[in-house]
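**Student:** mind folding the following:
(chains A, B, C and D, ligands or ions: 6)
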Amino acid sequence: MSSNTVSIAITGAGGAGVMTAGQSLLDAAAKAGWYGLMTRSSGPQIRGGEAAAFLRLSPRPVGCPDDRYDVLFAFDWMNVERFSAEIPLDEKSVIICDAAAGDAPEVMTKSGARLVSLPLKDTVKSIPGGRVNMIGLGILAALSGVPMKAVDAVVDDALARKGKEALAASKAGVQAGFEMAKAINVDEIALDASGGSEKGRWSISGNEAAGCGAIRGGVRFVAAYPITPATEILEWLAPNLEKVGGTLVQAEDELASVNMIIGGSFGGKPSLTATSGPGLALMTEAIGLSVASETPIVIVNVMRGGPSTGIPTKSEQSDLNIALNGLHGDAPHIVTAANSIADCLSTTQWTVHLSEKLQAAAIVLSDQSLGQSRAIIDKPVDSGLVAEREVVADGVKDYNRYAVTPSGVSPMAIPGTRGGEYVADGLEHSPLGRPSSAAGDHTIQLDKRERKLTQFDFGDRWADVDGDGDLVVITWGSSTAPAAEACERARAEGISTRMISLRLLTPAQASRLEGLLKGVKKILIVEQSHSKQFYRYLRAEYDLPHDAEVRVFKRPGPLPIRPGELLSEIRSWS
Amino acid sequence: MSSNTVSIAITGAGGAGVMTAGQSLLDAAAKAGWYGLMTRSSGPQIRGGEAAAFLRLSPRPVGCPDDRYDVLFAFDWMNVERFSAEIPLDEKSVIICDAAAGDAPEVMTKSGARLVSLPLKDTVKSIPGGRVNMIGLGILAALSGVPMKAVDAVVDDALARKGKEALAASKAGVQAGFEMAKAINVDEIALDASGGSEKGRWSISGNEAAGCGAIRGGVRFVAAYPITPATEILEWLAPNLEKVGGTLVQAEDELASVNMIIGGSFGGKPSLTATSGPGLALMTEAIGLSVASETPIVIVNVMRGGPSTGIPTKSEQSDLNIALNGLHGDAPHIVTAANSIADCLSTTQWTVHLSEKLQAAAIVLSDQSLGQSRAIIDKPVDSGLVAEREVVADGVKDYNRYAVTPSGVSPMAIPGTRGGEYVADGLEHSPLGRPSSAAGDHTIQLDKRERKLTQFDFGDRWADVDGDGDLVVITWGSSTAPAAEACERARAEGISTRMISLRLLTPAQASRLEGLLKGVKKILIVEQSHSKQFYRYLRAEYDLPHDAEVRVFKRPGPLPIRPGELLSEIRSWS
Amino acid sequence: MEASAARAIPAKDYKSDYKPVWCPGCGDFSVLSSITKAFAELGLPREETAVISGIGCSSRIPAYTSVYGFHGVHGRALALATGLKVARPELTVVATGGDGDGFSIGGNHFLHAARRNADITYVVMDNQVYGMTKGQASPTTSPDWEKSKLTPHGTGVSPFQPLAIALASGANYIARGFSGDPNGVARLIAEAIQHPGFSLVQVLSPCVTFRPEQRDWKEITREATVPYTDDTGRAARRLMTDDGFNTGVLFKGNRPIYQPSLEQSSTTEDLERAFQV
Amino acid sequence: MEASAARAIPAKDYKSDYKPVWCPGCGDFSVLSSITKAFAELGLPREETAVISGIGCSSRIPAYTSVYGFHGVHGRALALATGLKVARPELTVVATGGDGDGFSIGGNHFLHAARRNADITYVVMDNQVYGMTKGQASPTTSPDWEKSKLTPHGTGVSPFQPLAIALASGANYIARGFSGDPNGVARLIAEAIQHPGFSLVQVLSPCVTFRPEQRDWKEITREATVPYTDDTGRAARRLMTDDGFNTGVLFKGNRPIYQPSLEQSSTTEDLERAFQV
Ligand SMILES: Cc1ncc(C[n+]2csc(CCOP(=O)(O)OP(=O)(O)O)c2C)c(N)n1
Ligand SMILES: Cc1ncc(C[n+]2csc(CCOP(=O)(O)OP(=O)(O)O)c2C)c(N)n1
Ligand code: SF4
Ligand code: SF4
Ligand SMILES: [Mg+2]
Ligand SMILES: [Mg+2]
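**Tutor:** Ligands and ions are numbered 1, 2, ... in the order given. Just a heads-up that it's a prediction; the model follows:
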């Protein structure tokens, strides 16, 4: 809802300070008590190429980029066409650029946006040690309505240790920017600064949130191999885990990392790894070992463009297939999906809890757009869900590791437990854990491993359900925010819609979803994949009402699905 | 159809010669112009433990074990209970055992089968150098109606190089068996030996057939890592491939083998590997590379019990999920399934052809029950389908490796081709093959890779369809033979049924299958998995008629699905 | 560890009552005895000990012991063992397996476990063949062995030198034994467990089924005459020129051990403060 | 190969017109030049030459050449290169990549490619870091490098010794160069291509972004004073005690090459006769 938010794109060559400007603006908005979201984009250069920061600020929580940008701030025009598809502009948009940067390229101006050229480089000359990006920060703060005080506080925090002169130069730059902004008529853009409230706000990326959720859930052992766009989970965990008595091992590859966490979990420590598609592919054999041996592990998979190496730095929801069905044999496991940056925390925490409780392999799906974006959110409430593995006590007698139980969960012996000595096995086995190829044992254990998942009551977290109406939008993961915003806008227009975002993908909660879909006439499925992976999954696992019309809005990455596109879809159907 | 076939189980301790007796009987039946099938089973010991051979002989082609055994021949009772679930007996069955072996165990006799105890060990004493299993061979040949002449010919072939005395001893043993058999009333069991015809019969296992199909299809490079139950494909290929100018590399692991064949195929040689579930799991990352780089490869996956190491020596159809959906990203590829031992040849050959034609990654699914069983079949007709890759000519100009074409197939340059120098890439790329993260390039290439599969006319081989009626059995792979036999029997009882066995699993031929299902009221889905993988796949990919009742007959391995079980299911529904 | 109480456990009590699937005469029977003897000699509490393996005939060993164990997937024993050891440093962790499991599919973990040098003992039953899959060449098979249908003219490839590779990778204790000498092997394993860091014990363990000629190993193996060294340069030269049949300890080093501390210094709330705006 | 015609191709024509994504100053620019110089010196026909890589900054190199190439998945360059070479022995196959790609995730293929000894040249741009993923420790990173958030106290693990491992595995030619000396590296690569079997050329190639201190390498690297040896024992000792900065050829061997013959002796029908009853 553009009226309530402001969206800003900042672009420039490497070294222009695009990210610093964007990050500072986000921080300042947070200090002012607003919410916000910042995503990043850059060219193919490893370092130092053109970069873009995309911000959306609002006094209300913000889940995804808006349909359009109010402001494009271009430090220069270097390779800006690379980003043009990501920066929808229109006649109400303002393009601000440095007068020294030359003519704005056609791909930007053809939108009809108002072009404001300002003497940035010239101005900065008059500020000793000043940098253009601080002027930009000042302009953008003024434009968006972020109070000067908040910007100052951020600059103070960031530059305190750089010395007085640097600080003064930056502040002067920001001030100059504020002044310059007056020349632009900004009333249509700027938000009311009074909307904010400063209570317990967090600034966090989805990857940090996943790491934090892991620790809250009780994870104390992590082994992993770096991969874009999951690495930040590990980079956050490494120094933090050790503070709470855990540890992280950088493994030689993903085969090692997943087997290491099986070892750590066998040793009684809730264990986790994080990766992305190519790494997940390498892990599936051992995930099957976790399933067969009933050794709980959690894998956070941060999706990127596929197939193969694909588009490592961009988002896509195309690892759904492999997460659900990528294991050989009949291998029931858990797949959950985080549907917002904040939810990366709570879904990871919940998944650790489930994995431990059910002695199951569990995959949390996140993606690049959640993991590598930073949001200002409310401090997430702690669900209190932690690892609670069912174990046997020291001195246990006649222990059967894979005993048949009504719940399907068999109490586990942790090394150190006398009488519990057993051998975990990936071969099919008897209740005692001895290899067996007997049909009876196979069926008993297959039933047990299935039962522990299907009989468990997963509670309300299986999905987020919002609104009412007989047009239902079903979606998941990062497509949730645009879908939710589209539904909200539709409702504002009088079109009643219901939004269902599945958090628990498998075991499928068929009766729950089917219950919600009774009598529904229109189903819109929204996903960011090329081959309709989510749609196929829904068909396979749920009886969608026969008489409902089902439409699929799907598109692969890298471009985000925007709320307005979905709104059009909904409108055109009503 | 018991009336037309004879089924024999042979059991005994390691060293008793169970397999030799079984194999000789099968060979003799073949010499007599019959068809037959032999499967093997053994205890957990690596070598030298108890073993069982299961035979079914008939003047008509035989695709699967029967519902029951006419004869159980037990050299001894060592751990025979291990096999009891695999050997259904009834009052009409005959159990033949050595008088010296002690009492028959209750698990065998409770069937009510007639017990005939013969002085095998005693008799053999009178034959210098004689072996009990040759007496057994004689008895079983007589019981099943295989003429003495055929048995003699087999013994001649097998023992010629062992010297005259060994040969004489064996023949004497067989002769003694023939005589002994007269004491048993065999009229109800023995087939009419005249039913056979000796024209061009082959004796082949499914794994050998897959190897042979690979060579017929044009495969000239193989890299692989041994794994049960796929190894025999490689063991057959290694010495044979080199004779036709190809080669096989034993790789260090499956990651190497799949990447090696991508290298071989990039070099222009049709390339293949063979594996089973755990190996396939390790290969999925690189299969994605084959998809993205459009380098054709074929993987024959011989399924075994899962998940994880599971039950390596037993059959199950539970790698369907991973074969269809085990790749990360949107990665369209080909999955075919062989539905008989002979079809392992033609489906592999066809798949090589498809993979090369469409520059696609292709998985052929077979399983342990096909791969490691041996059948007497008609010499398979050569379909003439071979590798025909679309390539560019030497001296090509302005070459774009990933050029957008209507078919989706872009002509490939093989190293050695001047002007064709290009870099194959797993990163998303432009038509020229340069890395690109642009939304446009991604969509173009995703569309192209999908289009080349969906637009291709796969012809009639997509499924085997047999019979008519509004009860339709849909199945695949090794479940086809029992389903086909059940349908045949049902028709003989006047229940009209149609059988559809899908050979092409993906790309799904939706309009073809849906066409066949129009107006159908009863659909019986048959598969050997625990989690209904095939059923879920059908739901996801096809619109099954809304008003049809769908039932699923599924069971995991290791026990085979028997025709009679399916017949009961069909009967109870009619 | 209550040493005296624990020391009371006789070797046979470290064996389970589960009958091995091995062929009669397989060298692995004797390696199993050596392992249990070593455990008994060190008086290891059963519940504080774990045997981790991959897949292969030799990798079946955990089930035949009475300690904790993990029979994982092919080639990944050392990774799993590393995770266990790092997460639970107080346990004695012994990884076991075959030459195929350890040096072919598991080669990368072998390199990196040796280099990382966590306190793990790795016992490899080397029979120069893939026993479990019925007789293919392994990395240690000599190039001219023609009995596998997969390599009908032999592999044509020089054998893998596990000890030289272990040394170059960073292993801290390197020894070779022969399964025909179970007491000698038991001593090597006990010492390997006691020596800090990554210890490799290669045990020549005949596969009587697929490599019956290995019965001759009892004639060929001999105790090394040169004492072990702690000098990596000298050890490298020696191991590169070794014929593969010298038994005993061949290298003992003092390389740094990998074991991150698991002490807690903060609470989750402390960490979370960093997110506050 | 039409040597004289081919020899006419200047080094720059082995470069493509595609701009590298590398950071300004990255050592890999110079390695690219060395590779193309070596190709030019040997007069390799472009269409008979292939450069195969995995994933990493360094692994981007194939696209910057004008010969055939494959930018595969992380860690598998040598496997892919082996398949290509065995299937098409007449091609010149050069594998390239980084220390992470080759020695971490690709370690097993490194071992076995060296052991197999197919006629491949492997050029590793060693910058002791994962450049592409923004600066984590690689196997060759020194244990006390604390700049990666993943290992905030350093890895604590001894660096991987690629040359010693290559030797122990069976490589046939082992050399080290420094990207600051592009002509020297070009010579090593050319010689490596000509030398039969598996050749390793480790090129110290600074990552100016994540390891700016590596600019000092130009002061530290030096030409090796001892000439190379063909004696594996002596080479082993030398490489185990080497400090990692001696450049030049360090080992040249005569180990047997892996190249199955591809001659045809039968028809498919001949083979099928074996199935006839
Ligand atoms: C991923 C995978 N690939 C292949 C196999 C098949 N496999 C099982 S054991 C084995 C080799 C075992 O050789 P080794 O480790 O030497 O053990 P041995 O049987 O000789 O004791 C192989 C190839 C497997 N189980 N998993
Ligand atoms: C299976 C897989 N795991 C992880 C990654 C992420 N990744 C890409 S490059 C790289 C490391 C590259 O390091 P190096 O080979 O040293 O190359 P450099 O960038 O330093 O030249 C990693 C971990 C990946 N692409 N695939
Ligand atoms: S096959 Fe060889 S290694 Fe395996 S149990 Fe038998 S003798 Fe031992
Ligand atoms: S990050 Fe390092 S290795 Fe990568 S391009 Fe930049 S300087 Fe080179
Ligand atoms: Mg072995
Ligand atoms: Mg590097």
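
**Student:** for the rest of this, base every contact and every neighbour count on C-alpha atoms.
**Tutor:** Will do.

**Student:** which residue packs closest to the residue in the stretch 151-277 of chain C that ligand 6 sits nearest to, ignoring adjacent ones?
**Tutor:** Using CA to the ion, the closest approach of the stretch 151-277 of chain C to ligand 6 is made by residue C:169 at 18.7 Å. Once flanking residues are discounted, residue C:169 sits nearest to residue C:115: 5.0 Å by CA to CA, 6 or more residues apart in numbering or on different chains.

**Student:** shouldn't the one you found be within a helix?
**Tutor:** Yes. With DSSP: H, G, I helix; E, B strand; the rest coil as the criterion, residue C:115 is located in a helix.

**Student:** quick one: residues contacting it.
**Tutor:** Contact analysis of residue C:115 by CA atoms under 8 Å, 6 or more residues apart in numbering or on different chains lists C:169-171, D:157-160.

**Student:** is it true that the residue of the stretch 151-277 of chain C closest to ligand 6 touches residue C:109?
**Tutor:** No. At 10.7 Å, residue C:169 does not count as touching residue C:109 under the criterion of CA atoms under 8 Å.

**Student:** between the two, which one's more packed in?
**Tutor:** The neighbour comparison of residue C:169 against residue C:109 (other CA atoms under 10 Å in any protein chain shown) goes to residue C:109, with 29 against 26.

**Student:** related to what we said a few turns ago, among the contacts of residue C:115, which are located in helices?
**Tutor:** Under the assignment DSSP state H, those contribute residue C:169 to helices.

**Student:** most neighbours out of the contacts of residue C:115, which is it?
**Tutor:** Going by other CA under 10 Å, residue C:171 tops these with 29 neighbours.

**Student:** excluding chain neighbours, what is closest to that residue?
**Tutor:** Of all residues not flanking residue C:171 in the chain, residue C:114 sits nearest, at 4.4 Å (CA to CA, 6+ apart).

**Student:** tell me the gap between stretch A:158-176 and the middle of its chain.
**Tutor:** Distance of stretch A:158-176 from its chain centroid, counting by CA atoms, centre = their mean, to the nearest Å, is 33 Å.

**Student:** what's the average pLDDT for that stretch?
**Tutor:** Mean per-residue pLDDT for stretch A:158-176: 90.

**Student:** partner residues bridging residue A:98?
**Tutor:** Note on residue A:98: beta-bridge partners by DSSP bridges are residue A:118.

**Student:** contacting residues around it?
**Tutor:** Shown in contact with residue A:98 (CA under 8 Å, 6+ apart): A:74-76, A:117-121.

**Student:** just residue A:551 next, same as before
**Tutor:** A:522-525.

**Student:** interface residues of the stretch 301-450 of chain A facing chain B?
**Tutor:** Residues of the stretch 301-450 of chain A lying near chain B by CA under 8 Å from any CA of the partner chain: A:305-311, A:314, A:317-322, A:325-331, A:426-428, A:436-439, A:442-443, A:446.

**Student:** the residue nearest to residue C:171 and residue C:165 touch, don't they?
**Tutor:** No. Between residue C:114 and residue C:165 there is no contact under CA under 8 Å: 9.1 Å.

**Student:** give me the contacts around the helix or strand hosting residue A:25.
**Tutor:** Using DSSP states H and E, residue A:25 falls within helix A:18-31. Residues outside helix A:18-31 that contact it (CA under 8 Å, 6+ apart): A:10-12, A:35-38, A:40, A:51-55, A:57, A:75, A:133-134, A:136-137, A:140-141, A:146, A:150-151, A:153-155, A:198, A:201, A:203, A:376, C:277.

**Student:** repeat that for 7 Å
**Tutor:** By CA atoms under 7 Å, 6 or more residues apart in numbering or on different chains, the list of residues contacting helix A:18-31 from outside reads A:10-12, A:35-36, A:51-53, A:133-134, A:136-137, A:141, A:146, A:150-151, A:154, A:198, A:376, C:277.

**Student:** cool, stretch A:356-368 as well?
**Tutor:** Contacts for stretch A:356-368 (CA under 7 Å, 6+ apart): A:229, A:287, A:290-291, A:294-304, A:314-316, A:323, A:333-338, A:348, A:351, A:355, A:387-390, A:409, A:452, A:477.

**Student:** one more: stretch C:40-56?
**Tutor:** With contacts defined as CA under 7 Å, 6+ apart, stretch C:40-56 is touched by A:415-418, A:421, C:3, C:6-7, C:9-11, C:59, C:62, C:66-77, C:81, C:91-98, C:101, C:131-132, C:190.

**Student:** Provide the secondary structure category for residue C:251.
**Tutor:** Following three-state DSSP, residue C:251 is assigned to strand.

**Student:** isn't it up against residue C:170?
**Tutor:** No. Between residue C:251 and residue C:170 there is no contact under CA atoms under 7 Å: 11.0 Å.

**Student:** quick one on the thing from earlier: out of the contacts of residue A:98, which end up buried?
**Tutor:** Buried subset of the contacts of residue A:98 (neighbour count, 16 or more other CA atoms under 10 Å in any protein chain shown): A:74-76, A:117-118, A:120-121.

**Student:** in CSV: those, plus secondary structure.
**Tutor:** Below are the buried ones among the contacts of residue A:98 laid out as CSV (three-state DSSP):
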residue, secondary structure
A:74, strand
A:75, coil
A:76, coil
A:117, strand
A:118, strand
A:120, helix
A:121, helix
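
**Student:** tell me where chain C has strands.
**Tutor:** For chain C, the strands defined by DSSP state E cover C:49-53, C:68-71, C:92-98, C:120-126, C:173-178, C:199-204, C:222-223, C:246-252.

**Student:** select, out of those, the one closest to residue A:509.
**Tutor:** Residue A:509 lies closest, by CA to CA, to one member of the strands of chain C: strand C:68-71, at 33.1 Å.

**Student:** quick one: pLDDT of the residue of the stretch 151-277 of chain C closest to ligand 6?
**Tutor:** Note on residue C:169: pLDDT of 98.

**Student:** what's the average pLDDT for the helix or strand that contains residue A:362?
**Tutor:** In this assignment (DSSP H and E), residue A:362 forms part of strand A:361-367. Across strand A:361-367, pLDDT averages out at 99.

**Student:** sheet-wise, list the partners of it with their directions.
**Tutor:** Partners of strand A:361-367 in the sheet, by DSSP bridges, are strand A:297-303 (parallel), strand A:334-337 (parallel).

**Student:** low-confidence regions, chain A specifically.
**Tutor:** Applying pLDDT under 70 to chain A picks out residues A:1-3, A:186, A:193, A:195-196, A:198.

**Student:** for the stretch 1-150 of chain C, same thing?
**Tutor:** For the stretch 1-150 of chain C, the stretches flagged by pLDDT under 70 are C:1-7.

**Student:** interface residues of it facing chain A?
**Tutor:** Counting by CA under 7 Å from any CA of the partner chain, the stretch 1-150 of chain C comes close to chain A at C:47-48, C:62-63, C:66-73, C:76, C:79-84, C:87-88, C:112.

**Student:** which among those count as buried?
**Tutor:** By 16+ other CA under 10 Å, the residues of the stretch 1-150 of chain C next to chain A give C:47-48, C:62-63, C:66-73, C:76, C:79-84, C:87-88, C:112 as buried.

**Student:** so which of those are in helices?
**Tutor:** Members of these lying in helices (criterion: DSSP H): C:79-84, C:87, C:112.

**Student:** which members of these define the maximum pairwise distance?
**Tutor:** Farthest pair in these (CA to CA) is C:87 and C:112. Separation: 17.5 Å.

**Student:** buried residues in the strand holding residue A:362?
**Tutor:** Buried residues in strand A:361-367, counted by 16+ other CA under 10 Å: A:361-367.

**Student:** okay then, goodbye and thanks.
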